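Peer 1: next comes the sequence, and after it the predicted model I'd like to discuss.
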Amino acid sequence: MTDAPVDHWRSDRLDLAAYLRRIRYSGPRAPDRATLAALHRAHVAAIPFENLDVILGRGVSVDLVDVDAKLVAGARGGYCFEHGTLFGAVLDQVGFEVDRVLARTGDPLEHPRPRSHLVLLVSSPATGERWLADVGFGSGLLAPLALAEDGPHQQGAWSYELVRGRTARDSAWRLREGDGSTWSTILTFTEEPYYPVDVEVANENTSTSPGSPFTQNPVVVLKDESRVRRLRGREYTVQAPGHPSSSRRLTDGEVAALLGEVLGGALAEEDVAALVASLPPYDAAATGAT
């Protein structure tokens, strides 16, 4: 007799109905390719990437109950560990088999970085098909990719492909992004599954280390089919493949307006004021479009 596997993630604690309302999804729920793709796109469109609780000094919890309260009931955004925790629980409840995996940003052969990003390897119990899902990168995938070297795949204005290392010491997967002229590796990962304690440790470092990019400035990222909009501190950039990037520094009022546009009433006025106060003073002489 084989013991039942331990449910380390306790995904039953998620309010799935509330989540589906949050992302405005009312489609099929069969654990197959079409459902996964539809949920993935709806999640990316509805829930922004942001690190604002880190800057506000509240820290980030990756316990599912806290993530559900913040991103679903509270209509907030979050960063990769929160997005991955939430979406993984959704897929568990829908009936997929899900491995949580910690990835490195970039390519470690070029510039080694810690495993500071959470992605999901998702399997269909009926067909055995396996996909990479990543709703928490901010400027990454719009839809899942089959875990196979069968690219490139077009997603909106971007192309993506998965390639694998060819040596015994490096068989890791690379997720590569193309913008029509160049390709770059945005993630590197292996298939070893991780556990809640691993995510907790990675999240603690990412949300508290002085060297982490998420402890230094407010960051908000929105991506759609044609462009990525990014606020980092006062710097607001818009990137669209095939077009020159634009960048400018925002005034206090413009930062507050952008936060209001993205998060609406989910962020209290005093929180917006505190985030604006955390920024270096606005310098009109340094402002310009590029």
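Peer 2: The structure has been received and is ready for your questions.
Peer 1: so where's the chain shaky on pLDDT?
Peer 2: Flagging of the chain using pLDDT under 70 yields the residue ranges 1-5, 287-290.
Peer 1: so where do the helices sit in this protein?
Peer 2: Here the chain has its helices, by DSSP state H, at 16-22, 33-46, 52-55, 64-67, 80-94, 196-208, 252-263, 269-277.
Peer 1: determine which of these approaches residue 216 most closely.
Peer 2: Residue 216 lies closest to helix 52-55 among the helices of the chain, at 8.6 Å (CB to CB). Yep, even glycine has a C-beta here, placed from its N, CA and C like the rest.
Peer 1: remind me what the closest one packs against, helices and strands.
Peer 2: helix 269-277 (3 or more CB pairs under 8 Å, 6 or more residues apart in numbering; DSSP states H and E).
Peer 1: got the angle for the helix it packs on vs helix 252-263?
Peer 2: 130 degrees (axes from the mean of the first three to the mean of the last three CA atoms, to 10 degrees).
Peer 1: could I get the buried residue list for helix 269-277?
Peer 2: Residues of helix 269-277 classed as buried by neighbour count (16 or more other CB atoms under 10 Å): 271, 272, 275, 276.
Peer 1: any chance of these in TSV, with distance to residue 38 too?
Peer 2: Formatted as TSV, the buried residues of helix 269-277 follow (distance: CB to CB, whole Å):
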residue	distance to residue 38
271	33
272	33
275	33
276	37
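Peer 1: out of the residues you listed, which is nearest to residue 153?
Peer 2: residue 275 (36.4 Å).
Peer 1: quick one: the closest one and residue 133, what's the gap?
Peer 2: Here residue 275 is placed at a distance of 30 Å from residue 133 (CB to CB, to the nearest Å).
Peer 1: report the contact partners of residue 254.
Peer 2: residue 236 (CB atoms under 8 Å, 6 or more residues apart in numbering).
Peer 1: and the gap between the nearest residue to residue 27 once chain neighbours are set aside and residue 31?
Peer 2: Spatial nearest neighbour of residue 27, excluding adjacent residues (CB to CB, 6 or more residues apart in numbering): residue 38 at 5.2 Å. According to CB to CB, residue 38 and residue 31 sit 12 Å apart.
Peer 1: between these two, who's got more neighbours?
Peer 2: Each of residue 38 and residue 31 has its neighbours counted (other CB atoms under 10 Å); residue 31 has more, 20 against 16.
Peer 1: mind checking how far that one is from residue 43?
Peer 2: 16 Å.
Peer 1: nearest spatial neighbour of residue 198, skipping sequence neighbours?
Peer 2: The shortest distance from residue 198 to any non-neighbouring residue, by CB to CB, 6+ apart, is to residue 102 (6.1 Å).
Peer 1: what's the answer for residue 283, then?
Peer 2: Distances taken as CB to CB, 6+ apart place residue 249 nearest to residue 283, at 7.3 Å, with adjacent residues excluded.
Peer 1: and the one you found, bridged to which residues?
Peer 2: Beta-bridge pairing of residue 249 under DSSP bridges involves residue 235.
Peer 1: spatially central residue in the chain, please.
Peer 2: With distances taken as CA atoms, centre = their mean, residue 136 lies nearest the centre of the chain, 0.9 Å away.
Peer 1: my guess is it contacts residue 51. True?
Peer 2: No. Taking contacts as CB atoms under 8 Å, residue 136 lies outside contact range of residue 51: 11.4 Å.
Peer 1: quick one on the thing from earlier: and the helices of the chain, which is most packed in?
Peer 2: helix 80-94 (a mean of 24; mean count of other CB atoms under 10 Å).
Peer 1: need the contact list for residue 138.
Peer 2: Counting by CB under 8 Å, 6+ apart, residue 138 touches 49, 79, 80, 219, 221, 223, 228, 230.
Peer 1: and if we set it to 7 Å?
Peer 2: 49, 221, 223 (CB atoms under 7 Å, 6 or more residues apart in numbering).
Peer 1: taking those one by one, which sit in strands?
Peer 2: 49, 221, 223 (DSSP state E).
Peer 1: now a ChimeraX select for only the buried ones of these.
Peer 2: In ChimeraX, this line selects whichever of those come out buried by 16+ other CB under 10 Å:
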select :49,221,223
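Peer 1: between the ones in strands among the contacts of residue 138, which sits nearest residue 12?
Peer 2: residue 49 (26.4 Å).
Peer 1: quick one on the thing from earlier: touching, the residue nearest to residue 283 and residue 234? I think so.
Peer 2: Yes. Contact criterion CB atoms under 7 Å: residue 249 and residue 234 qualify, at 4.7 Å.
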